[in-house]
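Student: with the input below, show me the fold.
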Amino acid sequence: METVIVERRGRVAVVTINRPERKNAVDLATAQALYRAFKAFDTDAGLDIAVFAGKGDAFCGGADLKALAAGERRSFERDGDFGPMGPTRLEMTKPVIAAIEGAAVAGGLELALWCDLRVAGRSAFFGVFNRRFGVPLIDLGTIRLPRLIGHGRAMELVLTGRKVAADEALAIGLVTKVVEDGRALESALALAAELAAFPQAAMRGDRLSLIEQWGLDEAVAAGNEADRGRAAIDAGETFAGAKRFAAGEGRHGKFGSG
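Tutor: Here you go, the predicted model:
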């Protein structure tokens, strides 16, 4: 049985962890399959957005500790782009949306944090559950979590390892949207279709500038933003959009991808 399933839905890729009997916990083979799937998505000119989901009633329960206890070992280069959970060190050029039902805990939380946006079912929950088993956050969780929800909140969650319900996750900015149970994938796909309909060069450039500014001082970040923006303008999207606007698109506050 394939532990990772990849489907094409128009210009959207759906990548699903397929280990429901283990709450989609990630062993080495699954980590490698996720890494390959997202690398392939990012270089595929026919795909614009990826939706990342888990099969069954969980997004991902973290690393497969049963495999670890049985002797499985996984190594990763300190400066490489393969993380213990697979794709978490990849620097994607296109957006990834997490569709979360049930648990997104431990390494599963780190996979969710790697995504650009997170849509959660109402019964979804989050947490650094690995705290109780002596497993560290090594898929950039200690970096992405405070950037997303703030240092104080992140410190409390990392130290206590407590469970965070979907409504609290929404309130603190950990998730983008909460929907009824069983509808996270549907909602994530609708959002993906909306993003895929936009002109892509400007959106991708703005996304990358937003991500890259974290490692730059303000002056360098401003220059990087200008470079990213110039690439979108040179691609012709801006002038094409200006012509659509001049022809009447977007009147009366109407907003669409056009």
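
Student: all strands for the stretch 151-258 of the chain, in order.
Tutor: With DSSP state E, counting those that start in this stretch as the criterion, the stretch 151-258 of the chain has strands at 164-165, 177-179.

Student: out of those strands, which comes closest to Leu47?
Tutor: Closest approach to Leu47 among the strands of the stretch 151-258 of the chain (Cβ to Cβ): strand 177-179, 22.2 Å. C-beta coordinates here come from the backbone N, C-alpha and C atoms, glycine included.

Student: now that closest one: average pLDDT?
Tutor: Mean pLDDT, strand 177-179: 98.

Student: and of the strands of the stretch 151-258 of the chain, who's closest to Phe38?
Tutor: With distances scored as Cβ to Cβ, the stretch of the strands of the stretch 151-258 of the chain nearest to Phe38 is strand 177-179 (21.9 Å).

Student: partners of that closest one, with directions?
Tutor: Using DSSP bridges, strand 177-179 pairs in its sheet with strand 117-121 (parallel).

Student: who touches the closest residue to Glu101 other than its chain neighbours in this structure?
Tutor: Distances taken as Cβ to Cβ, 6 or more residues apart in numbering put Gly121 closest to Glu101, at 4.4 Å, once the chain neighbours are dropped. By Cβ atoms under 8 Å, 6 or more residues apart in numbering, the contact list for Gly121 reads Ile100, Glu101, Gly102, Ala166, Val178, Val179, Glu180, Asp181, Gly182, Arg183, Ala184.

Student: who wins for neighbours among the residues you listed?
Tutor: In terms of neighbours by other Cβ atoms under 10 Å, those top out with Ile100 at 33 neighbours.
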